[in-house]
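Engineer: Okay, here's the prediction I keep looking at, along with the sequence it came from:
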Amino acid sequence: MTESVLNIRALQRRFGSAHDVQVLADLNLDLAAGERVAVMGASGSGKTTLLHLAAGMDTPDAGEVLIGGRSLSGLVEPERTRFRARYIGLIFQDFNLIDSLTVRENIELPLWLNGLTAESARIESLAEELGITALLQRLPEKLSGGEKQRVAIARALVHRPALLLADEPTGSLDQTTAEGVLRLFDRVTRQHNVTLLMVTHNDEAAALCDRILHLRHGRLSES
Ligand SMILES: Nc1ncnc2c1ncn2[C@@H]1O[C@H](COP(=O)(O)OP(=O)(O)OP(=O)(O)O)[C@@H](O)[C@H]1O
Ligand SMILES: [Mg+2]
């Protein structure tokens, strides 16, 4: 039997002052180890909301998220943060880089959080693949959107997570850089049996995946 990496059960999330805007309604999703799934959907359909819940950064109104068979709601802080830091690599839609840290330190963050020593060779080879070697000593503030995105991708992969959650990872990249990032995703996910849940509007990114799901009316469907 294939190991299950992500299970989402009857997930619901509402927003609004009266808690009356239902963004996710009874959403279910199961991802096996090494499986790659693209999520597509209109702006505002709840894609980022879904990734934040899958990463345990937001709490559902109902339902649950299991990572590697463990329910996130069953974990209390700081255990939950530690668990997430070990299993998940997350590429945020707005990058979330820390401006007071250099690019290199940003990439090293998941290693510090996991009590791992920063392997220079690992950081340098990721930086090389993403074309950001010359940026390692810089602060993120003055980088272009595409450069920030590539730093965020390096940070998400540095600790070899089992589950990679990516929110429009090629969104602000030019065609050539986007193709490079997709080749990197393809190689990393295959070599290390990484499970990928990727929000994308890009057909080439979706084509890399085993399944394409559509988020509509708070639920996922195959078409
Ligand atoms: N913290 C919040 N408080 C209130 N409303 C929110 C919150 N987070 C998201 N929403 C609302 O939930 C809906 C879904 O937002 P979400 O960011 O998940 O959409 P999305 O599918 O990622 O859109 P996009 O493609 O534009 O990134 C939107 O209407 C948004 O305004
Ligand atoms: Mg979004």
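Structural biologist: Nice, I can see it. Ligands and ions are numbered 1, 2, ... in the order given.
Engineer: quick one: secondary structure of the most centrally placed residue in the chain?
Structural biologist: Centre of the chain computed as the mean C-alpha position; nearest residue by CA atoms, centre = their mean is L165, 2.0 Å away. Put simply, L165 is strand when judged by DSSP: H, G, I helix; E, B strand; the rest coil.
Engineer: Contact partners for it?
Structural biologist: By CB atoms under 8 Å, 6 or more residues apart in numbering, L165 lies in contact with L51, A54, A55, I88, G89, L90, I91, L197, M198. (C-beta placed from N, C-alpha, C; glycine too.)
Engineer: May I have the predicted confidence score for it?
Structural biologist: In this prediction, L165 carries a pLDDT score of 97.
Engineer: cool, and R80?
Structural biologist: As predicted, R80 sits at a pLDDT of 90.
Engineer: Confirm it sits in a helix?
Structural biologist: Yes. Assessed with three-state DSSP, R80 lies in a helix.
Engineer: What sits closest to it if chain neighbours are left out?
Structural biologist: G56 (5.8 Å; CB to CB, 6 or more residues apart in numbering).
Engineer: Can you name the residues of the chain that neighbour ligand 1?
Structural biologist: Contact residues, the chain versus ligand 1 (CB under 6 Å from any ligand atom): F15, V23, G41, S43, G44, S45, G46, K47, T48, T49, Q93.
Engineer: Where does whichever residue of the chain sits closest to ligand 2 fall, secondary structure wise?
Structural biologist: The minimum distance from the chain to ligand 2, using CB to the ion, falls at T48 (3.2 Å). Here T48 sits within helix 47-54, counting by DSSP states H and E.
Engineer: what's the angle from the next helix or strand after that helix to strand 163-167?
Structural biologist: Next helix or strand after helix 47-54 toward the C-terminus (DSSP H and E): strand 62-67. Between the axis of strand 62-67 and that of strand 163-167 there is an angle of 120 degrees, by axes from the mean of the first three to the mean of the last three CA atoms, to 10 degrees.
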